[in-house]
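> Starting from these lines, generate the structure:
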Amino acid sequence: MDTLLTPTARPQTMPADWRDFFTLTKPRVMTLVIFTGICGLLAAPGSIHPVLGFTAILAIAMGAGGSAALNHWWEADLDAGMKRTANRPLPTGRLRREDARDFGIFLSAVSVGIMGVAVHWLAALSLLGAIIYYAVIYTMWLKPRTPQNIVIGGGAGAFPPFIGWIAVTGEITLMPVLLFAIIFFWTPPHFWALALFVKSDYAKVGIPMLPVVAGERVTRRQIMLYTVLLAPIAIAPWLIGGTSWVYGSVAVALSLLFLALAVPVLSENRSGADPLKPEKTLFKFSIYYLFILFGALVADRLLAKGGLISGGMFA
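Residues are numbered from 1 along each chain as shown. Sure, this is the predicted structure:
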């Protein structure tokens with residue numbers, strides 16, 4: 001952190017309120033975390049008491065919020081130097097860094113304790129691993145040191161459906177690993193598409209994001225590579241018999257569309273009012289991709305459970 005030439009977060013100039021602490025949890029990211037966690041829980045074979053299911057999702061959300069707060073604490077100086085993050089509570093001085101740190105540690109510790117006591121300790125240990133992965137391995141170690149930060153750091157966002165699934169089953173099998181892998185391989189094309197049109201921010205504060213250190217051509221090729229790798233992994237739950245044709249058909253259609261939208265991103269020689277439109281389109285679609293894909297996973301499970309479709313080893 002000290003080696004980066006970045007602006008220093010401004011001293012506290014105005015009182016904080018609950019909204020500033022809420023902002024530390026990264027609510028927009030939290031939406032995806034909660035959604036995929038719920039999907040993992042609902043798609044898993046077996047059942048869980050509704051109160052315990054709610055508790056498991058609450059613990060996942062608290063853990064994600066706690067690790068996000070620790071991310072804010074560690075990167076306060078970097079956030080102050082980037083246009084899209086300069087208005088966060090720490091750079092503007094609405095919160096002290098120590099408050100963000102303590103809030104993050106508190107949420108993280110409570111989330112693991114709740115998961116362990118209310119659900120079981122395998123889920124709690126998985127949640128603890130997710131928190132450490134994001135707050136320490138990604139934020140403190142990988143992000144400022146390697147252009148592959150997003151690839152390896154993608155594991156942090158891949159934990160929620162994995163944890164939701166094993167909260168129900170109490171064991172780690174191939175299906176939750178595949179759900180983890182889907183988000184892991186989805187993250188690079190999703191985030192690098194964004195990085196292509198905000199790369200100046202990362203360059204300004206010294207974060208070695210791939211477009212900054214390797215150039216746009218390499219980044220575009222990597223986006224296509226991970227999109228190609230994602231397709232069979234997204235379809236794999238159907239191929240191994242874990243779901244029916246309902247999920248399978250949605251996974252195939254979405255993956256083909258993802259590939260089709262990634263192709264124009266390969267081209268660098270564009271003109272017009274918005275030459276980065278393909279990147280922005282891919283980024284926006286990638287969000288819908290994950291929501292629809294995991295929604296189809298849950299629909300498949302509920303339809304099979306209701307006897308409306310057949311197929312899938314977990315029906």
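> contacts, neighbours, all on C-alpha from now
Fine.
> For the host helix or strand of Leu127, buried residues please.
Taking DSSP states H and E as the criterion, Leu127 maps to helix 121-132. For helix 121-132, the neighbour count (16 or more other C-alpha atoms under 10 Å) marks 121-128, 130-132 as buried.
> now swap in stretch 106-118 and tell me
Across stretch 106-118, burial judged by 16+ other C-alpha under 10 Å covers 107-109, 111-116.
> related to what we said a few turns ago, present the buried residues of helix 121-132 as CSV; the columns should include distance to Leu42 and pLDDT.
Putting these into CSV (distance: C-alpha to C-alpha, whole Å; pLDDT from 0 to 100) gives the following:
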residue, distance to Leu42, pLDDT
Trp121, 20, 97
Leu122, 18, 97
Ala123, 15, 97
Ala124, 18, 98
Leu125, 20, 97
Ser126, 18, 97
Leu127, 18, 97
Leu128, 22, 97
Ala130, 20, 95
Ile131, 22, 96
Ile132, 25, 95
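> closest to Thr92 among those residues?
In terms of C-alpha to C-alpha, no member of the buried residues of helix 121-132 lies closer to Thr92 than Ile131, at 25.8 Å.
> Which of the helices or strands spans the nearest residue to that closest one once chain neighbours are set aside?
Using C-alpha to C-alpha, 6 or more residues apart in numbering and skipping residues adjacent in sequence, the residue nearest Ile131 is Ser67, 5.5 Å away. According to DSSP H and E, Ser67 maps onto helix 50-74.
> That helix packs against which elements?
In terms of contacts (3 or more C-alpha pairs under 8 Å, 6 or more residues apart in numbering; DSSP states H and E), helix 50-74 is packed against helix 18-24, helix 27-43, helix 97-114, helix 121-132, helix 159-169.
> Of all these, which one is nearest Pro189?
Pro189 lies closest to helix 27-43 among the helices and strands packed on helix 50-74, at 16.5 Å (C-alpha to C-alpha).
> Using PDB, list the CA coordinates for stretch 82-94.
Extracted in PDB, the C-alpha atoms of stretch 82-94 (Å, rounded to 0.1, in the frame of the first residue of the first chain):
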ATOM      1  CA  MET A  82     -10.400   6.900  -8.900                       C
ATOM      2  CA  LYS A  83     -13.300   8.800 -10.200                       C
ATOM      3  CA  ARG A  84     -15.900   6.000  -9.800                       C
ATOM      4  CA  THR A  85     -14.900   5.400  -6.200                       C
ATOM      5  CA  ALA A  86     -14.000   8.900  -4.900                       C
ATOM      6  CA  ASN A  87     -17.400   9.500  -3.400                       C
ATOM      7  CA  ARG A  88     -17.300   6.400  -1.100                       C
ATOM      8  CA  PRO A  89     -17.500   7.100   2.700                       C
ATOM      9  CA  LEU A  90     -13.800   6.800   3.400                       C
ATOM     10  CA  PRO A  91     -12.400   8.900   0.600                       C
ATOM     11  CA  THR A  92     -14.900  11.700   1.400                       C
ATOM     12  CA  GLY A  93     -14.100  11.500   5.100                       C
ATOM     13  CA  ARG A  94     -17.600  10.600   6.200                       C
END
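> Show me what counts as buried in that stretch.
82, 85-86, 88-94.
> that older thread, report the inter-axis angle for the next helix or strand after the helix holding Leu127 versus helix 50-74.
Moving toward the C-terminus from helix 121-132, the next helix or strand (DSSP H and E) is helix 149-157. For helix 149-157 against helix 50-74, the angle by axes from the mean of the first three to the mean of the last three C-alpha atoms, to 10 degrees is 150 degrees.
> Let me know the angle separating helix 149-157 from helix 121-132.
Calculated by the same axes, to 10 degrees, helix 149-157 forms an angle of 150 degrees with helix 121-132.
> what does helix 149-157 rub up against?
Residues outside helix 149-157 that contact it (C-alpha atoms under 8 Å, 6 or more residues apart in numbering): 33, 130-131, 133-134, 137-138, 142-143, 180, 183-185, 187-188, 191, 209.
> let's go with 6 Å and repeat that
Here helix 149-157 makes contact (C-alpha atoms under 6 Å, 6 or more residues apart in numbering) with 130, 133-134, 138, 142-143, 184, 187-188.
> just stretch 160-176 next, same as before
Contacts to stretch 160-176, defined as C-alpha under 6 Å, 6+ apart, come from residues 33, 36-37, 40-41, 44, 48, 123, 180.
> circling back: with distance to Val298 as new columns, can the helices and strands packed on helix 50-74 be given to me in TSV?
Output for the helices and strands packed on helix 50-74, formatted as TSV (distance: least, C-alpha to C-alpha, whole Å):
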stretch	distance to Val298
helix 18-24	29
helix 27-43	5
helix 97-114	25
helix 121-132	20
helix 159-169	11
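> so where's the stretch 201-315 of the chain shaky on pLDDT?
The model of the stretch 201-315 of the chain has pLDDT under 70 over residues 269-273, 275, 310-315.
> Enumerate the helices of it by residue range, in sequence order.
Per DSSP state H, counting those that start in this stretch, the stretch 201-315 of the chain carries helices over the ranges 210-213, 216-239, 245-262, 277-305.
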